[in-house]
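In: sharing a sequence plus its predicted fold:
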Amino acid sequence: MNPHMYIENTDTVSKGFEFVSTVQKRGHILPVTFGAIPDDILLDIFDFFLQGIEPFSYYRAKRWNRLVHVCKRWRYLVFASPLRLDLCLYCKGRTPVMETLDVWPPLPIEISSYNLSPNILAALEHRDRVRRVSFHRIPQNRLAKLMLEPFPALERLSLETDPEMNENPPALPSSFLGGSAPRLQSLSLSNISLPTLPQLLSSSNDLVDLSLQKIPYGGYISPEAMATCLCALTRLTNLRIRFSFNCLGSRHRPSPKTQGQSPLTRTVLASLTKFEFYGDSRYLEYLVAGIDAPVLKVVDISPTDVALSSSLIFDIQNLTRSIDHSPTLMSYNQAKMVLSYRHVEIRLLPTMKTHHDEFFLAIRFNDANFQLPSICSHFSFLLSGVERLHIEGRWTPSVQADMVDARWLDLFSPFISVQTLQISRRVIPFIVPELEGLSVELATKVLPALGDLYLEEDLKYPPLASGWEQRGIERFITARQCSNHPVAVHYLEVSS
């Protein structure tokens, strides 16, 4: 690394650059050595050098490793600020752990590997320093003897067993992590049986991220037990529950004694912002019936049982009740609805668009009957304040016939405040026939506040002006004019 740097930009908020700017005189660019920069400002520069790289990652370890090899002063500064710079030793399967630990200071350890090599086992011996562990597709017969002692510093744990080695995935032993993980903040388990999970979660009050994926048939945990586990996780922000394909069915529903009943007590997950579920709808019903999540912003659910999805849509009132307490929901005035075969996404945006203020709802249903109007009616409390609505279709031509009987007019019933409607070219052929047949009286009841209609033109489709859709649109516009509720039509050229 060159020990000199030349600074041309003096207009910067960085302390390092502010310091360097003071040595410039009369517009001349003077060389500044790093040796002239005070320690605190040099640490700010190191912070900037590591900025944007996830803490406790392989790439971050490589970057600070470069810093400590420049000179003794830099090495001293880096190792004197391990918390500020988020230093860690990153161990993979081929990392020479013994040699590495002898060379470096006693920094936190992150382990990530696809195998349990001697190097990895050696790293696990330093239990008081292990902060993060990620094992991918490890042999199932090795899990029972893995990490049975306490890991007091462990903050993040991800375990995935190899699904191709055995049809009966192993269970977490009761002595896993010594039975407790007080500092654990993130837990991800995949293809692992979960009977002993409640014991582990009972000691993990600081858990922020819980991901249970590919839950096997033999590893079932009842919704009653899951609801009990969640009671202690008051700091939880992300919750993901996904059952394996081959374990779906009556086994994963509430017990006969509790089926159709709500939990006696409700759990307030005050920090939960993201909830994902894939599995039986009755399991979901019982689970969400006992949850209040006032700041929930992302809901992604996939019920897998056909009969329940087509009848009650897994008692969606339970889910709406769990997110109905958010004080910011009424501030959403823009919505984008993405429709595809057996899948609907609704994204709500506030007036001042920021990524963190979005509300996202995705529902995937295992039934050919298109249920979007029913879904929208259950979420009318979210949609009634929307003023700008964009509807986009992403289905393939092979399933278009299933979209004809989708009750498109019922879809619009919750949108009583929409003033601007934008429709993608793929959706227009299904909505226009519904609008065309409306009488003057009914034309004002569908989207009563509508003032501007934007229709997207796509080069892959025939022009609207020369097609039957244009005639249907004109009839709808005429009906609105006759009722003193005129609508202006605009055409947008887009490319798919």
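Out: Nice, thanks for sending it over. Keep in mind the model is a prediction, meaning the values are calculated, not measured. Numbering: from 1, shown residues only.

In: quick check, pLDDT for L264.
Out: On pLDDT, L264 comes in at 53.

In: tell me how many other residues surround L172.
Out: When neighbours are defined as other CB atoms under 10 Å, L172 has 22 of them. C-betas here are computed from N, CA, C, even on glycine.

In: what's the pLDDT at the nearest residue to it once chain neighbours are set aside?
Out: Leaving aside its sequence neighbours, L172 sits nearest to T196 (CB to CB, 6 or more residues apart in numbering; 4.9 Å). We have a pLDDT of 80 for T196.

In: from Y114, how far off is T196?
Out: According to CB to CB, to the nearest Å, T196 stands 25 Å off from Y114.

In: wait, doesn't the residue nearest to L172 sit right on F176?
Out: Yes. The criterion here is CB atoms under 8 Å, and T196 meets it with F176 at 6.9 Å.

In: need the contact partners of the lengthiest helix in the chain.
Out: The longest helix of the chain (DSSP state H) is helix 468-482. With contacts defined as CB atoms under 8 Å, 6 or more residues apart in numbering, helix 468-482 is touched by 428-429, 432-433, 435-436, 438-440, 443-444, 450, 453, 455, 464, 486-487, 489.

In: again, but for stretch 103-119
Out: In contact with stretch 103-119 (CB under 8 Å, 6+ apart) are residues 56-58, 61, 79, 82, 87-98, 120, 123-124, 126, 129-139, 142, 146, 153.

In: list the buried ones in that stretch?
Out: Of all the residues in stretch 103-119, those buried under the rule 16 or more other CB atoms under 10 Å are L107, P108, I109, E110, I111, S112, S113, L116, S117, N119.

In: same question, stretch 183-199
Out: Buried-residue list, stretch 183-199, by 16+ other CB under 10 Å: 183-194, 196-197, 199.

In: hey, C-alpha coordinates of it in CSV?
Out: Only the C-alpha atoms of stretch 183-199 are listed here, as CSV (Å, rounded to 0.1, in the frame of the first residue of the first chain):
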residue,chain,number,x,y,z
ARG,A,183,-26.9,-14.9,24.0
LEU,A,184,-28.4,-16.5,20.9
GLN,A,185,-29.9,-13.9,18.6
SER,A,186,-30.4,-15.9,15.3
LEU,A,187,-31.4,-19.6,15.0
SER,A,188,-31.9,-21.4,11.7
LEU,A,189,-32.6,-25.1,11.6
SER,A,190,-33.3,-27.0,8.3
ASN,A,191,-34.3,-30.7,7.9
ILE,A,192,-34.0,-31.3,11.7
SER,A,193,-36.5,-32.8,14.0
LEU,A,194,-37.7,-30.3,16.7
PRO,A,195,-39.2,-32.1,19.7
THR,A,196,-36.6,-30.5,22.0
LEU,A,197,-36.8,-27.1,20.5
PRO,A,198,-39.0,-25.6,23.3
GLN,A,199,-36.3,-26.3,25.8
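
In: which of the helices and strands in this protein ranks last by mean pLDDT?
Out: Lowest by mean pLDDT, DSSP states H and E among the helices and strands of the chain is strand 4-5, with a mean of 35.

In: contacting residues for the spatially most central residue of the chain?
Out: Centroid check for the chain by CA atoms, centre = their mean gives K274 as the closest residue, at 6.0 Å. Contacts for K274 (CB under 8 Å, 6+ apart) come out as T237, N238, L239, R240, L296, K297, V298, D300.

In: cool, and N191?
Out: N191 sits next to E160, T161, D162, P163, P169, Q213, K214, P216, S244 when contact means CB under 8 Å, 6+ apart.

In: would you mind measuring from the nearest residue to it once chain neighbours are set aside to H343?
Out: Once flanking residues are discounted, N191 sits nearest to K214: 4.4 Å by CB to CB, 6+ apart. Per CB to CB, K214 is found 21 Å from H343.

In: check S222 too.
Out: S222 is 28 Å from H343, by CB to CB.

In: now the helices for the stretch 1-150 of the chain?
Out: Counting by DSSP state H, counting those that start in this stretch, the stretch 1-150 of the chain has helices at residues 15-21, 39-50, 58-68, 72-79, 97-103, 118-124.

In: ok, now the stretch 351-496 of the chain?
Out: Under DSSP H, counting those that start in this stretch, the stretch 351-496 of the chain gives helices at 372-378, 380-383, 408-412, 428-436, 440-445, 468-482.

In: what about those, which gets the closest to D44?
Out: Proximity to D44 (CB to CB) singles out helix 380-383 among those, at 44.0 Å.

In: tell me who's in contact with A270.
Out: A270 touches T234, P294, V295, counting by CB under 8 Å, 6+ apart.

In: quick check: beta-bridge partners of I423?
Out: I423 has these beta-bridge partners by DSSP bridges: I391, L455.

In: for it, list the residues it contacts.
Out: Counting by CB under 8 Å, 6+ apart, I423 makes contact with I391, I431, L453, Y454, L455, E456.
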